[in-house]
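Asks: need the 3D shape of this:
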Amino acid sequence: MIIELKIEKVAHGGIFIARHEGKAVFVTGAIDGEVVKAEVYEDSGRYMRARVVEVVEGSEHRRVHFWKAARQGAGGAEFGHINLSYQRELKGKVLAEALERMAGIELPTEVMPVPGETDGLNYRTRVQLNVDASGLAGPVMSRTNDVIFAKDLPLAVEEIEQLGLHLKNWSGVKKISISSSSVGDLQWMVDSKVNGSEKLLERVAGRTFRLSTGGFWQVHKDAPELLVATVTQAAKDLGLDPSKKHLDLYAGAGLFSATLSVAFDSLQITAVESSKIGVLDGERSTKDLNNLKFVKSDVLRFLRTQTDVAYDTVVLDPPRSGAASKVIDALTAVGPKNIIYVACDPVALARDLKQLIAAGYRLRGLKAFDIFPHTHHFECVATLSRS
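Replies: Okay, the predicted model is just below:
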């Protein structure tokens, strides 16, 4: 069914909202203020989902999507039809609405570009290709498992695109994962078989991190340096006391704890990570740091054992779903003086901020960075302290 819609506003998740016969319609490929014709592909009875098939009255911010595969339905660049500067305005609106609606916080928000960013291309250091029964490897169509042929990979760093794995036939393979590093390592997994570099070395803030296959790392090539600098400055602004104890939760390989332990002399910090790979990588990368200790543990389980320990500052970088209510309860029971919350989802952040503020913390600062250009995702760093 094709319907004509007036697009009202952007919503979380890279979609836009319109209304048709009293129902909310969640539309992909649109821009707020436009009049479009859209194909309905889902009707729940309460709402509909649709994709733009024709622009009747276009926005001044619309551009031809830079990626042919996305014009054919491939996911992974859902904002690529929007001017880059306006993408950031839309992300700022999503953040502001989430903060006001979920946490009661009215705060002007600006999503800032990564320093030196121009066109928002060639930044991804991690790429996954799905493979269909014919051996075609590429991105999948949004909300399906259908693989789309991609002649190019414009969001990937040049090393990954030039590798050309997306142009080969991979009959009998299910998935290909490709990773590159800041020092030139290049590794790709064909299902479970590792090819290229045995390990990935990443250089950040003068330190080298040694990552195993499957270990977590930031996707944007410049994100680690940017986030480390932001977290370190936040710790200074909050008045972190190096003589006290500190925590790095959901620590991964210790990106934040390792750099903080160097930035502040004699800082004692414990990095908590549930992934065995993350802990091994972190310990391997920080053997020279006697003031940093890794603990392999679920964050909630760990916090519940720490209620009699006084912590000055806690850094947490949870998954996209956020820290969750039980973790926030446990964190506030521990009662650190300062919290630095690194978040990759604005709604999850706003939900957790509401709970932290109710527990007596005050939001001291919030910065947002567009480390996922041409998608709806972005990163935030919130700083809080006890009122």
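Asks: now the longest helix anywhere in the chain - C-alpha only, PDB.
Replies: Criterion DSSP state H: the longest helix present in the chain is helix 84-103. C-alpha atoms of helix 84-103 as PDB (Å, rounded to 0.1, in the frame of the first residue of the first chain):
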ATOM      1  CA  LEU A  84      25.800  15.900   7.300                       C
ATOM      2  CA  SER A  85      25.400  19.100   9.300                       C
ATOM      3  CA  TYR A  86      21.600  18.500   9.500                       C
ATOM      4  CA  GLN A  87      22.200  14.900  10.600                       C
ATOM      5  CA  ARG A  88      23.800  16.300  13.700                       C
ATOM      6  CA  GLU A  89      21.000  18.700  14.300                       C
ATOM      7  CA  LEU A  90      18.500  15.800  14.200                       C
ATOM      8  CA  LYS A  91      20.600  13.800  16.600                       C
ATOM      9  CA  GLY A  92      20.700  16.800  18.900                       C
ATOM     10  CA  LYS A  93      16.900  16.900  18.800                       C
ATOM     11  CA  VAL A  94      16.700  13.200  19.600                       C
ATOM     12  CA  LEU A  95      19.000  13.700  22.600                       C
ATOM     13  CA  ALA A  96      17.200  16.700  23.900                       C
ATOM     14  CA  GLU A  97      13.800  15.000  23.600                       C
ATOM     15  CA  ALA A  98      15.100  11.900  25.400                       C
ATOM     16  CA  LEU A  99      16.500  13.900  28.300                       C
ATOM     17  CA  GLU A 100      13.300  16.000  28.700                       C
ATOM     18  CA  ARG A 101      10.900  13.100  28.300                       C
ATOM     19  CA  MET A 102      12.700  10.500  30.400                       C
ATOM     20  CA  ALA A 103      14.800  12.400  32.800                       C
END
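Asks: which strands or helices does it pack on?
Replies: strand 9-11, strand 111-113, helix 346-358, strand 361-370 (3 or more C-beta pairs under 8 Å, 6 or more residues apart in numbering; DSSP states H and E). Every C-beta, even on glycine, is put in place using the N, C-alpha and C of the backbone.
Asks: I would like the residues contacting the longest one, please.
Replies: Contacting residues not belonging to helix 346-358 are listed as 12, 94-95, 98-99, 101-105, 318, 320-325, 328-329, 331-332, 339, 341, 343, 363, 378, 380, 382, 384 [C-beta atoms under 8 Å, 6 or more residues apart in numbering].
Asks: of those residues, buried ones?
Replies: Taking 16 or more other C-beta atoms under 10 Å as the criterion, what is buried in those is 94-95, 98-99, 102-103, 105, 318, 322-324, 328, 331-332, 339, 341, 343, 363, 378, 380, 382, 384.
Asks: now the helices: where do they sit in the stretch 201-350 of the chain?
Replies: In the stretch 201-350 of the chain, helices defined by DSSP state H, counting those that start in this stretch lie at 223-237, 255-263, 276-285, 299-303, 325-334, 346-358, listed in chain order.
Asks: Tyr47 pairs with what?
Replies: Ala24 (DSSP bridges).
Asks: most packed of the helices of the stretch 201-350 of the chain?
Replies: Comparing the helices of the stretch 201-350 of the chain by mean neighbour count (mean count of other C-beta atoms under 10 Å), helix 255-263 comes out on top with a mean of 24.
Asks: re earlier: the longest helix of the chain to helix 346-358, inter-axis angle?
Replies: 40 degrees (axes from the mean of the first three to the mean of the last three C-alpha atoms, to 10 degrees).
Asks: can you tell me the average pLDDT over helix 84-103?
Replies: Helix 84-103 comes out with an average pLDDT of 97.
Asks: pLDDT at the residue nearest in space to the middle of the chain, what is it?
Replies: Residue closest to the average C-alpha location in the chain (C-alpha atoms, centre = their mean): Cys344, at 4.0 Å. The score at Cys344 is 95. That number is its pLDDT.
Asks: go on, Arg143?
Replies: 77.
Asks: Asp152 and His376, how far apart?
Replies: Computed with C-beta to C-beta, to the nearest Å, the distance linking Asp152 and His376 is 22 Å.
Asks: for Arg126, phi and psi?
Replies: Torsion angles at Arg126 (phi, psi; degrees, to the nearest 10) stand at phi -130, psi 120.
Asks: which residues pair with it across the strands?
Replies: Bridge pairing for Arg126 (DSSP bridges) gives the partners Ser179.
Asks: what do you get for Leu384?
Replies: In this entry, Leu384 is beta-bridged to Ile339, Leu363, by DSSP bridges.
Asks: one more: Val190?
Replies: Under the criterion used (DSSP bridges), Val190 bridges to Ile176, Lys193.
Asks: tell me if I'm right that it and Gly172 touch.
Replies: No: Val190 lies out of contact with Gly172 (C-beta atoms under 8 Å); the separation is 9.9 Å.
Asks: neighbour count: those two, which is higher?
Replies: Each of Val190 and Gly172 has its neighbours counted (other C-beta atoms under 10 Å); Val190 has more, 19 against 10.
Asks: gap between the more buried one and Thr213?
Replies: 12 Å.
Asks: about what we covered before: for Asp152 and His376, indicate the residue with more neighbours.
Replies: Applying other C-beta under 10 Å to Asp152 and His376 shows that His376 carries more neighbours, namely 18 against 13.
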